[in-house]
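K.L.:
need a 3D model of the sequence below.
(chains A and B, ligands or ions: 1)
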Amino acid sequence: MHAMALDAVLMVLALGSYAVGALALVVYLFSREGWLRNFGATLAVAGCAAQFAQLGARYAETHIWPLLNLYGSLSLFSAMSVAIFIAFAFRYRLWFAGGFVLALAAIFLAYGVTWNEGVMPAVPSLQSYWAKIHVPLVVSSYAAFLVSFVFSMLYLVKYYANRRYARNGVALAPAGDGGAADPALRDTPALAAAAEGGDAVAEWFGTLPSLAQIDVLVYRTVAVGLPLLTLGVITGAAWAHEAWGAYWQWDPKETAALASWILYAAYMHLHTRHAWRGLRCSWWSVIGFASIIFCYLGVNIWISGLHSYKV
Amino acid sequence: MTRALTRTFGNVTVGVALLALWGVLTLVGVVVEQGKGAAAYFASYPAPIARAIVRLNFDDIYHSGWYLASIGLVLASMTIATFTKVIPRRLPPRRAVTIDAIPLHAHVTVPGDEATIRARVERFFSTRGWKIVRRDIEGTHWSFADRHNWARIGVLVNHTAILVIAAGTILYWARGFAGETAILTGQTAQIPQTRALIRLDRFAYTVAPVLTKGGMLYQPIDYVSHVTVVGRNGVPTPMVVRVNHPIDVDGTLVYQASYGFGMRFSVTHDGKPVPALSSRTLVEGDALAIPGTTQSVVYERFVPTVDRRTQMPSSDPRVNDPAVILSLQEDGTSLGAVLDPLRSSVDLGNGWRIVPQRAVLYSGFQYRYDPGVPLVAAGSVLLLIGLVISFYFLPARLHVRVDPSGESACTVGLAATTVKGYDIFETQFRELVDELRKRID
Ligand code: HEM
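P.N.:
Numbering: from 1, shown residues only, chains lettered A, B, ... in the order given. Just a heads-up that it's a prediction; the model follows:
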C-alpha cells in the first residue's frame, strides 16, 4: 500500500479505536463489567499503536520529522496521553478513568487533523537534532499533565459528591479506626454512610479509589510530567542557544512553559503540606493543566513569536 | 525581628505564594505583547488598562523591578527554607511505636520460633534493598528497615540547582554581552567588545516552493553565510555560519539571524550622473536626501519577484523578476510609492531621476558572549537529578517486631512511615506485606 494511504488508514483506525474505546470505558466506569474493561483497554492499546505507526509511516514516506507542526505535535500529544495512561492503568488498575483520557485524546487528535497541511519541509531553525529530542519531551509532559488533570477531576467529583451527601443530612457513620467498611469510602464518610444505607450512587463512588488514593495518583502523574517538562524546557534552551543565539529569549512559548513549570513546582510544594493535599492540590492541578493548554494551543494560535508553528 | 523574618520566609506556604506571584507575572508577559511603544497599547486596550500597562512596566515586564524582585524573593525564601527546614530535618530517631496506631500497619502470623522468623523477615527486606538496623528498646526487640534514606538530599539538590542557574544568569549580566550586525557581501564588520573582524564573502539562501491547501508557500530551507574571521590570533580564517550552526570567535558565538538585499542606485540630475548619491549601497529603510529640496527618496523594500499577471510583489523570495519599492517623502510624510523594476528609471521631479542598479545580499548576525552558560547547564543537570531523586526514591521506614503467639507460631507486626505521609506508600506497603506472607513460610 502507498505509505500516504497507509497514513490515512492508520489515522482513521486510531481515531475509531479511541472513540469506541472511550465509550466502552465510560460504560465500564458505571457498570464494572470486566469484558468492557478488556475491550476498552485493547482499543486503547490498538489506537495508541496505530498512532505511533502512523507517525512512523509519515516519517518513512516524507523523511521529514513529523512533529514540527501543530498536526504532528497534537498527534503525539494524544498518543503519549494514552501511552502514559496505559502505563499507569496497568500498574495501578485504573481503567475506570480511561474513558475520559481516550475521549480527550480523540478530541485533540481530531482537532490536530484539521491542522494537517500536507507535507512540508522544515524551516532552517527547525532542522536540528534537538527537534527530535525537545518536541517529544515537551509533548509527553503535556500528556502526563492531561492524565493528572483527569484524576484531579475525579477527585473533585468525588469530594463534592461527598459534601453534597453530607449537606443533605446523611447520618454519618461513627468515626472508627479508618472509618467505613469499604476502604474506598474511608475518607468520604457521608458517601460511606449512604452506601451502607443502600444508596446506589454512593455505592458506585465506592468503586473509585479513596480520595487520598486519587490524590496520590494526581501527585504521581505530576511527578512524571514535571521532570519531563523540566527536561523539555532545558532541551529547548539548549536548542535556542544553538539556533537563536541565546538560551532564553522571553519568547511567549518558552515563557508560558516557564509559567506552567512554576505552577507545577508550586503544586509539588503544596503537596508536602498535609492541609493542602487533596482538595486544594486537585484544584491547583486543574489550573496547572489550563496553563498547559494555554501554553500549548493558546500561544500557538493567538500569540505569535519565534515558536509559532501553526502550519 | 530576624527570626520572625526567617520564619515567614522559610514557610512553604509563603514560598508557594511567592512562586505563584512569579508565575502570574510570567504569564502577564505572555498575554501582554512585550516591547511595543505606548501608542500600541493605547490602540489595543481600553485607556485605563493601557495606562496601567505602561505605568507598571508590564510592557517590558521581564526587565522590570517587579519581576526581578519576585525572583529575588523566591530565591531568598528557598534559601532560607533550605537552611531552616530542609537541612536540619534529620531522619527521626528509631523508637518504639504502637504498630496499630500507624495507619500503614499489618500483622502476619507465621509458624516457627522468634529468632528464625526475625532472621527470615530481615533477610526478606534486606534482599529487597532495605537497610536493617536492630535495636533493643525497653526490653523489646525491634528491627528497623530503611529504604532510600539517602534520597532525603533530593530537596537540597533541587534548591542548590536553582541557585546555580541563578548564579549563571547573574554572571551573564555581570560579564557577558550580546549584539547584532548586518554585513553586506564583501564588507567587514567588527564585534566592538572583542575587536574581532568578520567579512561576509558570500551569502546564499535556498527556498522550496510547496503546494499546500492554502496555496503556494515558499518554505525557506537553508541560510548560509561564508565568512572570513580575524580573531585574537590575527589569522584570517574562512568559516561557515548556518542556522543552528553558530561559529565560535574567541569565545563569542556568532549566529545566523536574518538576511536582506542592499541596493546600489544611480542618481542623475538633468541627465548627468551624481556620483555623490550613487556610491552608497542602501539597505531597506535607508533614505537619500535630494539636494536643493526638502524631499527624500526612501528604499522601502526589495521585491525578489514581481507577479507578471498582477504586476504586484509576489511572495516568492527567489530572485526572478526583481524590483524595489521606493517612496518619495517630503518632511517625513509620504508623497507616494512606486514598484520599480531593476534598471528602470523613476522620475523624481525637477530633473532628478533614480535607477535601482544592482542588488547586494547582506547577512544579519547575532553575537553573544555568555560566561554563565556552563553554570546554567550544570544547574539544569543538577535540577533534573534532584527531581528524579525527590520523585522516584521515597525514603521510607518499616518498624518490625516479632512476638510469639501461641505454641509454635509468631506474629510479625509491621508499620510503615515515609517522608511524604502514608497514602503515597499504601499500595506498595500492601504489595510488600502480601509478598512477605507468601514468602515467609
Ligand atoms: C519559594 C521558594 C521555595 C521554597 C520556600 C521551598 C521550600 C521547600 C521546602 C521547605 C521543601 C521540603 C518540604 C517537605 O518535604 O516538607 C521543599 C521541597 C522541594 N523543593 Fe522547594 N522551595 C522553593 C522553591 C523550589 C523550586 C523553584 C524548586 C524547583 C523545582 C524546588 C524543588 C523542590 C523539590 C523537588 C522538593 C521535594 C518535593 C517532594 O519531595 O515532593 N523548590 N521546598
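
K.L.:
which residues does residue 269 contact?
P.N.:
Let's take chain A. Residues near A:H269 by CB atoms under 8 Å, 6 or more residues apart in numbering or on different chains: B:V12, B:G15, B:V16, B:L19. All C-beta spots, glycine's among them, are computed from the backbone N, C-alpha and C.

K.L.:
please go with chain B instead
P.N.:
So B:H269 contacts B:G351, B:W352, B:R353 (CB under 8 Å, 6+ apart).

K.L.:
where's the dip in pLDDT among the contacts of A:H269?
P.N.:
Within the set of the contacts of A:H269, pLDDT is lowest for B:V12 (84).

K.L.:
residues contacting that one?
P.N.:
The contact partners of B:V12, taken as CB under 8 Å, 6+ apart, are A:H269, A:L270, A:T272, A:R273, B:A81, B:K85.

K.L.:
repeat that for 6 Å
P.N.:
A:H269, A:R273 (CB atoms under 6 Å, 6 or more residues apart in numbering or on different chains).

K.L.:
and it, how far is that from the ligand?
P.N.:
According to CB to the nearest ligand atom, to the nearest Å, B:V12 and the ligand sit 5 Å apart.

K.L.:
now do B:A38
P.N.:
34 Å.

K.L.:
just B:L339 next, same as before
P.N.:
Going from B:L339 to the ligand by CB to the nearest ligand atom gives 55 Å.

K.L.:
please apply the same query to B:P291.
P.N.:
On the measure of CB to the nearest ligand atom, B:P291 and the ligand end up 63 Å apart.

K.L.:
equivalent analysis for A:L23, please.
P.N.:
37 Å.

K.L.:
quick check: which element contains A:I133?
P.N.:
For A:I133, the enclosing helix or strand under DSSP states H and E is helix A:129-167.

K.L.:
now do the following helix or strand past that helix: which elements does it pack against?
P.N.:
Counting by DSSP H and E, the next helix or strand C-terminal to helix A:129-167 is helix A:189-196. Packing partners of helix A:189-196 (3 or more CB pairs under 6 Å, 6 or more residues apart in numbering or on different chains; DSSP states H and E): helix A:129-167, helix A:200-205.

K.L.:
chain center to helix A:189-196: distance?
P.N.:
31 Å (CA atoms, centre = their mean, to the nearest Å).

K.L.:
circling back to that earlier point, mean confidence for the helix holding A:I133?
P.N.:
Mean pLDDT, helix A:129-167: 91.

K.L.:
among the contacts of A:H269, which ones are buried?
P.N.:
B:V12, B:G15, B:V16, B:L19 (16 or more other CB atoms under 10 Å in any protein chain shown).

K.L.:
quick check: A:A265 vs B:S390, distance?
P.N.:
Per CB to CB, to the nearest Å, A:A265 is found 11 Å from B:S390.

K.L.:
go on, A:A24?
P.N.:
37 Å.

K.L.:
ranking helices and strands of chain B by mean pLDDT, which lands last?
P.N.:
Using mean pLDDT, DSSP states H and E, the weakest-scoring helix or strand in chain B turns out to be helix B:2-10, at a mean of 79.

K.L.:
in the helix or strand immediately after that helix in the chain, what's buried?
P.N.:
Counting by DSSP H and E, the element after helix B:2-10 in chain order, helix or strand, is helix B:12-31. Using 16+ other CB under 10 Å as the test for burial, helix B:12-31 gives B:12, B:14-16, B:18-23, B:25-30.

K.L.:
ok, stretch B:278-297 next?
P.N.:
Buried-residue list, stretch B:278-297, by 16+ other CB under 10 Å: B:S278, B:T281, B:L282, B:V283, B:E284, B:D286, B:L288, B:I290, B:Q295, B:S296, B:V297.

K.L.:
show me what contacts residue 212?
P.N.:
This is for chain A. A:A212 touches A:D187, B:D423, counting by CB under 6 Å, 6+ apart.

K.L.:
nope, chain B please
P.N.:
A:E117, A:G118.

K.L.:
what helix or strand does the residue of chain A found nearest the ligand sit in?
P.N.:
Residue nearest to the ligand within chain A: A:T272 (3.6 Å; CB to the nearest ligand atom). Assigned by DSSP H and E, A:T272 belongs to no helix or strand.

K.L.:
low-confidence ranges, the stretch 1-150 of chain B, go.
P.N.:
B:1, B:90-91 (pLDDT under 70).

K.L.:
same question for the stretch 1-150 of chain A.
P.N.:
A:1-4, A:125.
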